[in-house]
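J.: I need the structure of the sequence given here:
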Amino acid sequence: MKVSVILGHPYEKSFNHAIANVVMEALLTSGHEVHFHDLHKEGFDPLLRGEELVADRSEDPLVRTHWAEIREADGIIIVHPNWWGQPPAILKGWLDRVLREGVAYMFPDDDDGSGLPIGLLKAKAAIVLNTSNTPEERENNVFGDPLERIWKDCVFDFCGVTTFHRRMFRTIAGSSSEEREEWLDEVRDIVNDTFPQLS
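T.: The predicted structure follows:
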């Protein structure tokens, strides 16, 4: 299977990077073809400019690479921290520029864009792995877990991805090395359960 892995965190010694490394190791060990993008390291430009918006095409070769890979991906894994209940700006920009109409979704010819979209992504499964310093009770009771709604309903369901799994690791600040090792073992299990060993 072809799996696209997208990492949105600026600090290369972060726990998000450790998660991404385990994701990659698990996928490659199971024989999958992986397209990995550390958005910060590759210098992804998150700004969707007016001419790109109205033209539905891009002169940015990196964006075109992402388009080609996400169209062909059988699975997608996103890794990012919870910042203000949202993905970091660089990852929001990736959504704006990569999951475009004609790439990730479309509307019927007689629809002005206000109806129900038709998902175009061929990926059957998506995983989102998050980190947070907000306790779970406060996240759910005060904020309503906005990342679940963003990724499950506003992104992947919209684009036709039917199997979705999200896991928030918390709280990162003050966590022990033993807790982090257990979390990384869980990451490995999630990836292997969703994208099992190829025969």
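J.: how about the strands in the protein?
T.: Under the criterion DSSP state E, the chain contains strands at 2-7, 33-38, 75-81, 105-106, 118-119, 125-132, 163-170.
J.: Dig out what the most centrally placed residue in the chain forms beta bridges with.
T.: Nearest residue to the geometric centre of the chain (CA atoms, centre = their mean): residue 78, 2.6 Å. Note on residue 78: beta-bridge partners by DSSP bridges are residue 6, residue 128.
J.: before we move on, back to that, for residue 192, which of the strands of the chain is the nearest?
T.: Among the strands of the chain, strand 125-132 comes nearest to residue 192, with 11.1 Å by CB to CB. Just so you know, the C-beta spots here come from the backbone N, C-alpha and C atoms, and that holds for glycine as well.
J.: roughly how far is the closest one from the heart of the chain?
T.: 7 Å (CA atoms, centre = their mean, to the nearest Å).
J.: pLDDT wise, what is residue 2 at?
T.: As predicted, residue 2 sits at a pLDDT of 97.
J.: again with residue 184
T.: pLDDT, residue 184: 98.
J.: and the closest residue to it other than its chain neighbours, how many neighbours?
T.: Sequence neighbours aside, residue 22 is the residue nearest to residue 184 in space, at 5.0 Å (criterion: CB to CB, 6 or more residues apart in numbering). Neighbours of residue 22 under the rule other CB atoms under 10 Å: 20.
J.: Tell me which residues of the longest helix anywhere in the chain come out buried.
T.: Ranked by residue count and defined by DSSP state H, the top helix of the chain is helix 177-194. Within helix 177-194, the residues scored as buried using 16 or more other CB atoms under 10 Å are 183-184, 187-188, 190-191, 194.
J.: show me what contacts residue 10?
T.: By CB atoms under 8 Å, 6 or more residues apart in numbering, the contact list for residue 10 reads 40, 88, 90.
J.: for residue 30, same thing?
T.: For residue 30, the contacting residues are 192, 195-198, by CB under 8 Å, 6+ apart.
J.: Let me see the contact set for the residue nearest to residue 184.
T.: 184, 187-188, 191.
J.: circling back to that earlier point, out of the contacts of residue 10, list just those in helices.
T.: Among the contacts of residue 10, the ones falling in helices (DSSP H) are residue 90.
J.: Counting neighbours, which of the contacts of residue 10 comes out on top?
T.: Sorting those by how many neighbours each has (other CB under 10 Å) puts residue 88 first, at 20 neighbours.
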